[in-house]
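Participant: Requesting a structural model of the entry that follows:
(2 chains)
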2 protein chains.
Amino acid sequence: MSIIRHATPQDWPALWAVIEPVIRAGEAYALDPAMTEGEARATWLGPDRETFVAEYGSEILGTYYLRANQPGGGAHVANCGYATAEAARGKGVARAMCEHSLMHAKARGFTAMQFNFVIASNDAAVHLWKTMGFDVVGTLPGAFRHPKLGFVDALVMYRAL
Amino acid sequence: MSIIRHATPQDWPALWAVIEPVIRAGEAYALDPAMTEGEARATWLGPDRETFVAEYGSEILGTYYLRANQPGGGAHVANCGYATAEAARGKGVARAMCEHSLMHAKARGFTAMQFNFVIASNDAAVHLWKTMGFDVVGTLPGAFRHPKLGFVDALVMYRAL
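Facilitator: Below you'll find the predicted structure:
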């Protein structure tokens, strides 16, 4: 049995276990791979966003946040970041979180969702977001320095809600 | 005689006089039009960026900041925000600041510059950035709620350095 629910402060250790390998690898997000746990916590659980966990049985296998992508005149567009536990990849956790986030963003009154920086070499993510209705609306040439592949493009992806 | 130099804390009142009308109008940036002076100062003079002023005689007519657009694997791409005093529009202040920022960004080791959210209805800005070598690499449909025009597109613009 699985559930996606709001994260609580008590979830942090389990959350960090999901996020830390993603950050340290430096292949999926433009985040400093050397960032501290405190910095990561301040970001992922920041006051500017809602943070969720995907819980399977008693185990947290994924987490995502939802926030306004821009303040002011851009605040009707949502932005999310997702992370799935390494051991749980390919099992639909990210898809379940994305579906949840689209519904939740719409319920919150957002009218679109934007991903600002999808690493083009992250085939699984690019494919998944496309199947979830996102279009590539921008390509940032060589905007990401991949630790193994060197400079790769980053994609801006967008969909209405 | 004009000069573009680093901003100092003492410049803030003159800087704020340039920025405040831009923020309050809410037409050129996705910033909260009701943001306080303290919030604006914390943003515009933030520790994550270098801030400059364009001084003509003893008068500050423009200001811009330069920062990394993303942390981690995206930190080789610069980002800038510019503001020109209302009374000094159309006199080449923004162009001078953009030229300065391109040179300065290159000197700092950045290899490209990206504008994340150029309001498509801001014809003067879109035209100027194109003449400065920026390409539109992305279009965010209806991503900006303009106070007079309603929903308008926002553009992602990019150029190598």
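Participant: need the residues of chain A near chain B, please.
Facilitator: Applying Cβ under 8 Å from any Cβ of the partner chain, one finds that chain A approaches chain B through A:26-27, A:29-33, A:35, A:69-77, A:111-112, A:114, A:116-117, A:119, A:137-147, A:154, A:156, A:158, A:160. Using the backbone N, CA and C atoms, a C-beta is placed for each residue, glycine as well.
Participant: Now do the buried residues in the least confident helix or strand in chain A by mean pLDDT.
Facilitator: Among the helical and strand segments of chain A, the one scoring lowest on mean pLDDT, DSSP states H and E is strand A:2-6, with a mean of 94. Buried residues in strand A:2-6, counted by 16 or more other Cβ atoms under 10 Å in any protein chain shown: residue A:4.
Participant: thinking in terms of the whole chain, how far from its middle is it?
Facilitator: 16 Å (Cα atoms, centre = their mean, to the nearest Å).
Participant: which residues sit against that strand?
Facilitator: A:50, A:51, A:52, A:53, A:54, A:55, A:56, A:57, A:96, A:97, A:100 (Cβ atoms under 8 Å, 6 or more residues apart in numbering or on different chains).
Participant: can you redo the residues you listed as TSV with secondary structure and pLDDT?
Facilitator: As requested, these are arranged in TSV below (DSSP: H, G, I helix; E, B strand; the rest coil; pLDDT from 0 to 100):
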residue	secondary structure	pLDDT
A:50	strand	98
A:51	strand	98
A:52	strand	98
A:53	strand	98
A:54	strand	97
A:55	strand	96
A:56	strand	93
A:57	coil	90
A:96	helix	96
A:97	helix	97
A:100	helix	97
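Participant: the strands in chain A, which residues?
Facilitator: A:2-6, A:49-56, A:59-68, A:77-84, A:112-119, A:135-146, A:150-160 (DSSP state E).
Participant: From the rest of the structure, what touches the fourth one?
Facilitator: Contacts to strand A:77-84, defined as Cβ under 8 Å, 6+ apart, come from residues A:18-19, A:22, A:29, A:44, A:61-70, A:93-94, A:97-98, A:101, A:105, A:108, A:110-116, A:161, B:140, B:143.
Participant: ok, of the residues you listed, which come out buried?
Facilitator: For the contacts of strand A:77-84, buried by 16+ other Cβ under 10 Å: A:18-19, A:22, A:29, A:44, A:61-70, A:93-94, A:97-98, A:101, A:105, A:110, A:112-116, A:161, B:140, B:143.
Participant: can you pull the contacts of residue A:71?
Facilitator: By Cβ under 8 Å, 6+ apart, the contact list for residue A:71 reads B:30, B:31, B:32, B:35.
Participant: and which of these is nearest residue A:89?
Facilitator: Distance to residue A:89 across those (Cβ to Cβ) is lowest for residue B:30, with 34.0 Å.
Participant: Kindly tell me how buried the residue in chain A positioned nearest to chain B is, as a neighbour count.
Facilitator: Nearest residue of chain A to chain B: residue A:138, at 1.9 Å (Cβ to the nearest Cβ). Around residue A:138 there are 25 other residues, counting by other Cβ atoms under 10 Å in any protein chain shown.
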